[in-house]
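[1] coordinates for the following, if possible.
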Amino acid sequence: MLTLIYLLAFIHLNNDLFFLKRFIINIQIAFEIRIKINYLVSEILEMDIVEIKRLILLFGLTNAVKFGGKPNLKAIMGKLMSQESELRTRINEIKPLLDEIAVEISKLTEQEQREKLLELDPTALEKKTSAKEEKELPRLLNTENYEKIIMRLAPYPSGALHIGNARMVILNSEYVNKYKGELILFFDDTIGSPKSMRNSPKAKYVIPEAYKLIEDGLKWLNVDYSKVYYKSDRLEIYYEYCEKLIQDDMAYACFCSALEFRDSYKKQKKNCPHRNQSIATNLKEWDNMKAGKYRETEAVVRLKTGMDQKDPALRDQIMMRISEADHPRVGNKYFAWPMLEFSWAIDDHLIGATHILRGIDLVKEDVIEAFIWDHFKWKKSEFLHYGRIKFPNMKLSKTQSRNNITKGIYEGWDDPRTWSLQSLEKRGIKAEALKEALLELGMSTTGIVFDESWLYSKNKDIIDSISSRYFYVEDPINIEIENVPFSEYTAEPLLLPSNPTKGKRKIKVTAKDGKLNTLIARKDANQLRIGQIIRLKDLINIQITAVDLNENLIKSNFNSFKLNRDFSIIQWVFKENNVHISIIKPDGTISQGRGEVNLAKIPLNKPIQFERFGFVNPIKWVDNALICYFTH
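    You can find the predicted model right below:
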């Protein structure tokens, strides 16, 4: 605007009428062009809406077909935003379109979803082998320097291995298999939190059942190992090397409190008063520590890594400390316990570990190990690192799981909320699916946010073709159907719609005086309106005459037998003959409902799919109810 004012003032002062005329003409032309541009933009935007709807439908159908008929709004929006990044500014406009289309997709049967998807993209169901090359792990360094590759697993037995621990296990196992090496299971069962902290909910310590839980988890993952070691069996070894370091004037007994050492010495890069004690004094105090003459926190042995280290975390690291806590394998036989970095420097050398795999956040351990190896003039192992994984939708804490199991909040280590390997197995997740999902992350050192849909997608590829389909209605509500033209009828839905050769189920229903009672899910009942015609899948079409959800009753009339795809198709269960179902979900909530009668004779611990609900793993029968774990 200021530019325009200045320009008009210039024209007025110079009395340039010709220039003024040209200026007005140019403004008029510019205004007309702007109108045309706005018109074209509005047309393009209108075209965009059509294209956006098409993309939402395509991505929504693809997602629904992949995950048991239920479109995931978050996943669909993520796919749309990643493929069409310019739409990020229009999310508020897109959300109602997504909600609307997702509802329409949910009304379709899985077969109808597949057909609709193929109309939009005839190649949608083909395996895209060329679209994504299989990721290979990077080569191990300097393998030519070793006769045999030796690696180790180092679980701390404070609980069952969970999905977050599995990456370490799978990467080590995969490398050893690739190089025909040796994998050692080394329980990192040092003492954990001292006795003075054991009543804290944050305390970390070894629990006796964890050893077998870990071994069972490795067996499920099909991980083979050659030997088993326990740090709790090796205290005398650590004592021997601690004494050698003291004798070499590379370690000393320190009596500073943790706060004093941090504030007065570590931060100031100053030696504490005990650092220059004589070797004889340090050996004597070390013997006193082993004999239990000092209490927890009163004395430690520090490694002389140097108080001038650039990283404060590396300045004269603690290598041995006192704990009065009992250990499940050795009781209270030992008072002095090694810190992680020191014990691994000794053990990795003694077992001949050639390559050590750990998270990028644990690089400090590399430095301490290398420092000790250098002192003893030992051959160094190769270090490999991978980035951290965030699991935003999971609470991965063995300590928290232990506390919740103790309080009775969780039923055990196979409770789905623990995300333990035992819980994944119980849910019907296949070990191969977890392995593939984690191996695809490779050895990237950048942080990764793990989306469980990756795991579910891999698992569905494995179990989809072997999981028979059944009807299940959650929170059931009764539909009374009048004027039924039969007294007895047998519905015959396919066991596996994608493979008709697997055969059919038989669901016999009976009507009395022209009335038939069936159950449907409440969420389906909420969508019904008077006059609407719906199809009870593989049974009959009915027309709704009355809806009273407060009384849990819906009335209807028989309409016809013939399949009409214009009608919404919903699952149902015969009211007079069905199975009570309880489904335990990953968040611990329980879905209650009724399933078709054929569920009474299915094998346990073999995944099935409840149509339009999801995959489940039937676990056991309790009081005539089938208990299932939700898979995905």
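
[2] what's the domain layout of this structure?
    22-120, 143-388, 398-457, 467-632 (automatic domain parsing).

[3] mind putting those into JSON lines with mean pLDDT, mean neighbour count and distance to residue 137?
    Where C-beta positions appear, they are placed from N, C-alpha and C, glycine not excepted. Putting the domains of the chain into JSON lines (pLDDT from 0 to 100; neighbours: other Cβ atoms under 10 Å; distance: least, Cβ to Cβ, whole Å) gives the following:
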{"stretch": "domain 22-120", "mean pLDDT": "72", "mean neighbour count": "15", "distance to residue 137": "26"}
{"stretch": "domain 143-388", "mean pLDDT": "96", "mean neighbour count": "17", "distance to residue 137": "6"}
{"stretch": "domain 398-457", "mean pLDDT": "94", "mean neighbour count": "19", "distance to residue 137": "6"}
{"stretch": "domain 467-632", "mean pLDDT": "96", "mean neighbour count": "17", "distance to residue 137": "27"}
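
[4] out of those domains, the one nearest residue 136 is which?
    Between residue 136 and the domains of the chain, the shortest gap by Cβ to Cβ is with domain 398-457, which sits at 8.1 Å.

[5] pick out the residue closest to the middle of the protein.
    Nearest to the mean C-alpha position of the chain, by Cα atoms, centre = their mean, lies residue 452 at 4.0 Å.

[6] for that one, which non-adjacent residue is closest in space?
    residue 393 (6.2 Å; Cβ to Cβ, 6 or more residues apart in numbering).

[7] and that neighbour, how close does it get to residue 447?
    16 Å (Cβ to Cβ, to the nearest Å).

[8] now for the residue nearest to residue 452, how many residues are close by?
    13 (other Cβ atoms under 10 Å).

[9] in what helix or strand does it lie?
    Counting by DSSP states H and E, no helix or strand carries residue 393.

[10] just the pLDDT for it.
    According to the prediction, residue 393 has pLDDT 85.

[11] from residue 189, how far out is it?
    From residue 393 across to residue 189, the span is 30 Å (Cβ to Cβ).

[12] save the domains of the chain as a markdown table, and put in distance to residue 136 too.
    As requested, the domains of the chain are exported to a markdown table (distance: least, Cβ to Cβ, whole Å):
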| stretch | distance to residue 136 |
| --- | --- |
| domain 22-120 | 24 |
| domain 143-388 | 9 |
| domain 398-457 | 8 |
| domain 467-632 | 27 |
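
[13] what are the ranges of the strands in the stretch 151-300 of the chain?
    182-187, 227-230, 251-254, 300-303 (DSSP state E, counting those that start in this stretch).

[14] actually the stretch 401-550 of the chain, not the one I typed
    According to DSSP E, counting those that start in this stretch, the strands that the stretch 401-550 of the chain contains are 448-449, 469-470, 472-474, 476-482, 488-491, 507-510, 516-521, 533-536, 541-548.

[15] so how far is the fifth one off the chain centroid?
    Using Cα atoms, centre = their mean, to the nearest Å, the distance from the centre of strand 488-491 to the centre of the chain it belongs to is 43 Å.

[16] ok, now stretch 80-94?
    26 Å.

[17] need the residues that contact it.
    Applying Cβ atoms under 8 Å, 6 or more residues apart in numbering, the contact partners of stretch 80-94 are 52, 55, 56, 59, 77, 98.

[18] closest to residue 260 out of these?
    Nearest member of the contacts of stretch 80-94 to residue 260, counting by Cβ to Cβ, is residue 77, at 53.9 Å.

[19] so what's that closest one up against?
    91, 94, 95, 98.

[20] turn these into CSV, including distance to residue 309 and secondary structure.
    Formatted as CSV, the contacts of residue 77 follow (distance: Cβ to Cβ, whole Å; DSSP: H, G, I helix; E, B strand; the rest coil):
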residue, distance to residue 309, secondary structure
91, 48, helix
94, 53, helix
95, 53, helix
98, 54, helix
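
[21] format those as JSON lines; extra columns: distance to residue 286.
    Converted to JSON lines, those look like this (distance: Cβ to Cβ, whole Å):
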{"residue": "91", "distance to residue 286": "64"}
{"residue": "94", "distance to residue 286": "68"}
{"residue": "95", "distance to residue 286": "66"}
{"residue": "98", "distance to residue 286": "67"}
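
[22] farthest pair in those?
    Top of the distance list for the contacts of residue 77 (Cβ to Cβ): 91 and 98, 9.5 Å.

[23] next secondary structure after the strand or helix carrying residue 591?
    Using DSSP H and E, residue 591 sits within strand 590-595. Later in the chain than strand 590-595, the nearest helix or strand by DSSP H and E is strand 608-610.

[24] and the next helix-or-strand element following that next one, which strands flank it?
    Of the helices and strands lying after strand 608-610 in sequence (DSSP H and E), the nearest is strand 614-622. Applying DSSP bridges, strand 614-622 is found paired with strand 608-610 (antiparallel), strand 625-630 (antiparallel).

[25] wait, which of those strands is closest to residue 587?
    Comparison of the strands paired with strand 614-622 against residue 587 by Cβ to Cβ identifies strand 625-630 as nearest, at 9.4 Å.

[26] and that closest one, how far out from the chain's middle?
    Relative to the mean C-alpha coordinate of its chain, strand 625-630 is positioned 22 Å out (Cα atoms, centre = their mean).

[27] wait, doesn't residue 541 sit right on residue 532?
    No - taking contacts as Cβ atoms under 8 Å, residue 541 lies outside contact range of residue 532: 10.8 Å.

[28] show the contacting residues for residue 480.
    Residue 480 touches 515, 516, 517, 553, 554, 555, 556, counting by Cβ under 8 Å, 6+ apart.

[29] ok, which of the strands paired with strand 614-622 comes nearest residue 172?
    strand 625-630 (28.4 Å).

[30] contacts for the closest one, please.
    Identification of contacts with strand 625-630 by Cβ under 8 Å, 6+ apart yields 416, 426-428, 579-586, 591, 595, 599-600, 614-621.

[31] please save the CA atoms from that strand in PDB.
    The C-alpha trace of strand 625-630 is given here as PDB (Å, rounded to 0.1, in the frame of the first residue of the first chain):
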ATOM      1  CA  ALA A 625     -16.300 -69.000  28.700                       C
ATOM      2  CA  LEU A 626     -13.700 -69.000  26.000                       C
ATOM      3  CA  ILE A 627     -10.800 -66.700  27.100                       C
ATOM      4  CA  CYS A 628      -8.900 -65.100  24.200                       C
ATOM      5  CA  TYR A 629      -6.000 -62.700  23.900                       C
ATOM      6  CA  PHE A 630      -6.400 -60.000  21.200                       C
END
